[in-house]
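# coords below, sequence missing:
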């Protein structure tokens with residue numbers, strides 16, 4: 001008899017076929033169970049210790065999974081889902097994981113009945129198409145200039161978050177901030193939240209003091225104590241070069257024969273700075289802000305000219321100031337033009353908040369960048385509110401790009417579920433069972449909402465199904481009132497969700513489930529050399 005041939009390293013762990021598929025499904029279910037309780041308005045918070053010893057308290061799906069250290073490869077790919085969802089649409093990170101876990105759980109009985117994964121995947125992709133078609137049918141378009149409608153949408157997005165107590169105020173902040181930075185270039189609309197909206201968190205004060213500035217602020221004080229700290233209608237000049245003499249790259253050797261040469265060297269350095277400051281002063285700016293250093297001598301010249309100077313400001317802050325004041329960041333002092341000076345700012349002032357000094361550039365005429373000032377009791381509260389605000393701003397951004405809406409509170413999922421189960425007989429062959437499985441899996445969203453607020457789940461879901469069986473999607477707006485745990489018409493509660501968030505959730509969840517199901521071999525190799533080195 002022939003001896004067995006070892007192809008793989010003896011240290012590698014290998015799972016094949018049914019074992020691998022079931023293990024992957026178990027891992028996905030475990031990840032979904034971690035964050036199931038964070039869905040809906042009655043959601044619980046999770047407290048996580050990060051590797052550095054800091055504490056994160058949050059109910060944002062993406063944030064929780066980012067902190068969790070996972071070793072199983074299928075669970076890792078689930079965590080990537082929430083990250084993709086967060087980067088693409090910014091909201092629905094919890095739903096996508098819960099839904100994906102449930103879709104995989106529905107595949108388990110089918111696999112046990114010896115369904116081939118490709119048959120299941122075929123049914124799933126047909127169901128996804130049906131789901132997207134149903135979304136189109138039940139969606140409604142809103143007017144993005146109607147602030148009341150916009151407010152309703154953002155309020156329903158923020159209603160599931162920790163900051164829902166200050167809902168209306170947070171919503172107004174999010175809408176105001178995003179409206180400020182919308183930039184239309186012909187057909188193309190640009191809304192860059194990451195770059196042009198800065199959230200400045202300052203512990204202390206009250207949450208009611210949170211505001212959106214008509215301009216920008218940064219955490220810096222003037223470089224010299226005698227410089228002006230309040231200027232009306234300032235002329236702002238932005239630089240990204242150092243206002244000090246040129247230093248040698250690493251080491252500079254100068255050979256001096258007599259004493260006067262040393263004095264002339266110093267004089268040259270001083271003259272260099274003097275000329276540089278003269279070319280800046282010629283344009284009569286009131287404020288000079290640079291990303292690099294400002295030498296003492298340059299400060300002296302600026303002080304004599306009545307100019308306020310700031311040094312070592314972040315590049316991102318400099319770009320925001322440029323957008324707010326209409327200035328252009330200049331690379332060299334001898335290339336300054338009149339058009340580079342920013343005159344769009346109405347008031348400059350340095351204020352002390354808590355222990356630190358902050359510089360405000362406010363009352364800008366056409367600010368295309370802004371700063372949100374958050375005040376609150378503690379750092380943890382501020383961090384959570386910042387995350388909630390990011391989600392709210394992403395929702396506003398999504399609505400600007402695609403003003404279609406779908407009913408929230410599990411109503412959309414229930415409508416799709418009913419549509420899929422009705423059209424089940426149209427699917428040929430045995431893939432109709434996996435097609436129907438998606439319909440059952442989508443009920444997880446209303447079910448979890450009901451569970452999280454302690455309602456009678458079975459009775460509630462039965463009532464909800466009855467409402468949704470009305471002809472022509474007549475009951476498609478009925479969902480779960482996540483606060484009271486009763487069924488309600490989402491039209492009356494005015495709970496709506498952006499179309500692109502919902503469709504992205506469905507696409508991501510179903511496509512990732514298809515991918516995980518098609519895995520039939522998991523090879524996890526251990527690093528042999530490392531292990532031997534530790535044993536030695």
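Alright, I've got the coordinates. Quick caveat: nothing in here was measured; it's all calculated off a predicted structure. Residues are numbered from 1 along each chain as shown.

# all helices for the stretch 251-400 of the chain, in order.
Ranges of helices in the stretch 251-400 of the chain, per DSSP state H, counting those that start in this stretch, are 259-281, 296-304, 315-325, 379-401.

# how far does the shortest one sit from the chain's center?
So the one you mean is helix 296-304. Centroid separation for helix 296-304 versus its chain: 42 Å, with CA atoms, centre = their mean, to the nearest Å.

# and for the last one?
When C-alpha coordinates are averaged (CA atoms, centre = their mean), helix 379-401 and its chain have centres 7 Å apart.

# next, the buried residues of it.
Within helix 379-401, the residues that qualify as buried are 380-399, counting by 16 or more other CB atoms under 10 Å. All C-beta spots, glycine's among them, are computed from the backbone N, C-alpha and C.

# what is it packed up against?
With contacts defined as 3 or more CB pairs under 8 Å, 6 or more residues apart in numbering; DSSP states H and E, helix 379-401 has these neighbours: strand 55-58, helix 147-158, helix 167-181, helix 193-196, strand 197-203, strand 370-376, strand 496-498, helix 499-517.

# worst mean pLDDT among these?
In terms of mean pLDDT, the lowest-scoring of the helices and strands packed on helix 379-401 is helix 147-158 (a mean of 77).

# and that helix with helix 499-517, angle?
Following axes from the mean of the first three to the mean of the last three CA atoms, to 10 degrees, one obtains 30 degrees for the angle between helix 147-158 and helix 499-517.

# list the buried residues of helix 147-158.
Applying a neighbour-count criterion of 16+ other CB under 10 Å, the buried positions in helix 147-158 are 149-158.

# any chance of those in a markdown table, plus distance to residue 222?
Below are the buried residues of helix 147-158 laid out as a markdown table (distance: CB to CB, whole Å):
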| residue | distance to residue 222 |
| --- | --- |
| 149 | 45 |
| 150 | 40 |
| 151 | 40 |
| 152 | 44 |
| 153 | 43 |
| 154 | 38 |
| 155 | 41 |
| 156 | 45 |
| 157 | 40 |
| 158 | 38 |
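
# of all those, which comes closest to residue 453?
Using CB to CB, residue 156 is the member of the buried residues of helix 147-158 that sits closest to residue 453, with 15.5 Å.

# measure the nearest residue to that closest one once chain neighbours are set aside to residue 410 for me?
Nearest residue to residue 156, sequence neighbours excluded (CB to CB, 6 or more residues apart in numbering): residue 495, at 4.2 Å. Per CB to CB, to the nearest Å, residue 495 is found 10 Å from residue 410.

# hmm, back to that, and the residue nearest to residue 156, what does it touch?
For residue 495, the contacting residues are 152, 156, 159, 407-409, 479, by CB atoms under 8 Å, 6 or more residues apart in numbering.

# so how far is residue 166 from the most centrally placed residue in the chain?
In the chain, the centroid-proximal residue (CA atoms, centre = their mean) is residue 90; its distance is 5.0 Å. To residue 166, residue 90 is 20 Å away according to CB to CB.

# related to what we said a few turns ago, the residue nearest to the centre of the chain is in contact with residue 389, isn't it?
No: assessed by CB atoms under 8 Å, residue 90 is found out of contact with residue 389, at 10.9 Å.

# looking at the helices and strands packed on helix 379-401, which is buried most?
Greatest average neighbour count among these goes to strand 496-498 (a mean of 28), per mean count of other CB atoms under 10 Å.

# helix/strand/coil for the nearest residue to residue 433 once chain neighbours are set aside?
Excluding its sequence neighbours, the residue lying closest to residue 433 (CB to CB, 6+ apart) is residue 110, at 6.2 Å. Secondary structure state of residue 110, per DSSP: H, G, I helix; E, B strand; the rest coil, is helix.

# distance of the residue nearest to the centre of the chain relative to residue 128?
Look at residue 90 and residue 128: by CB to CB, they are 22 Å apart.

# residue 62 now?
To residue 128, residue 62 is 22 Å away according to CB to CB.

# looking at those two, which is more packed in?
Neighbours were counted for residue 62 and for residue 128 using other CB atoms under 10 Å; residue 62 has more, 26 against 22.

# could you check the pLDDT of the more buried one?
In this prediction, residue 62 has a pLDDT value of 79.

# tell me who's in contact with it.
Taking CB under 8 Å, 6+ apart as the test, what residue 62 contacts is 82-83, 85-86, 93.

# how about low-confidence regions in the stretch 101-250 of the chain?
Where the stretch 101-250 of the chain drops to pLDDT under 70, the residues are 159-160, 162-165, 248.

# mind running it again at 80?
Scanning the stretch 101-250 of the chain for pLDDT under 80 picks out 143-150, 152-169, 183-194, 205-209, 245-250.

# overlap in contacts, residue 495 and residue 410.
What both residue 495 and residue 410 touch, as defined by CB under 8 Å, 6+ apart, is the set residue 479.

# want to try CSV for the helices of the stretch 251-400 of the chain, with distance to residue 458 as columns?
As requested, the helices of the stretch 251-400 of the chain are exported to CSV (distance: least, CB to CB, whole Å):
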stretch, distance to residue 458
helix 259-281, 74
helix 296-304, 74
helix 315-325, 52
helix 379-401, 32
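
# so which of the ones you listed gets nearest residue 470?
When these are compared by CB to CB, helix 379-401 sits nearest residue 470, at 28.1 Å.

# show me the contacts for residue 281.
By CB under 8 Å, 6+ apart, the contact list for residue 281 reads 301-302, 305, 307.

# mind redoing it with 6 Å?
Taking CB atoms under 6 Å, 6 or more residues apart in numbering as the criterion, residue 281 is in contact with residue 305.

# residue 332 versus that one, what's the distance?
For residue 281, the distance to residue 332 (CB to CB) stands at 16 Å.

# what of residue 128?
56 Å.

# repeat that for residue 317.
Counting by CB to CB, the gap from residue 317 to residue 332 is 21 Å.

# these two: who's more crowded?
Ranked by neighbour count (other CB under 10 Å), residue 317 and residue 332 place residue 317 first, with 21 against 11.

# not counting its neighbours along the chain, what's nearest that one?
In space, residue 317 is closest to residue 218, 4.7 Å off (CB to CB, 6+ apart).

# can you report phi and psi for the one you found?
Dihedral pair for residue 218: phi -150, psi 160, per degrees, to the nearest 10.

# just the one 10 residues further on next, same as before
Note on residue 228: backbone dihedrals following degrees, to the nearest 10 are phi -70, psi 140.

# dump the residue contacts of it.
Taking CB under 6 Å, 6+ apart as the test, what residue 228 contacts is residue 308.

# ok, so what distance separates it from residue 239?
As for residue 228, its distance to residue 239 is 19 Å (criterion: CB to CB).

# could you report the neighbour count for the nearest residue to residue 326 once chain neighbours are set aside?
Nearest residue to residue 326, sequence neighbours excluded (CB to CB, 6+ apart): residue 344, at 3.9 Å. With neighbours defined by other CB under 10 Å, the count for residue 344 comes to 19.

# and residue 344, how far from residue 126?
Distance, residue 344 to residue 126, by CB to CB: 55 Å.

# kindly report the same for residue 62.
29 Å.

# strands of the stretch 1-150 of the chain, residue ranges please.
Under the criterion DSSP state E, counting those that start in this stretch, the stretch 1-150 of the chain contains strands at 13-16, 46-49, 55-58, 140-141.

# can you tell me which of those strands is packed in deepest?
It is strand 55-58: most buried of those by mean count of other CB under 10 Å, with a mean of 17.

# off-centre distance for that strand?
Centroid separation for strand 55-58 versus its chain: 16 Å, with CA atoms, centre = their mean.

# what lies in contact with that strand?
Defining contact as CB under 6 Å, 6+ apart, one finds that strand 55-58 is touched by 45, 47-48, 67, 380, 384.
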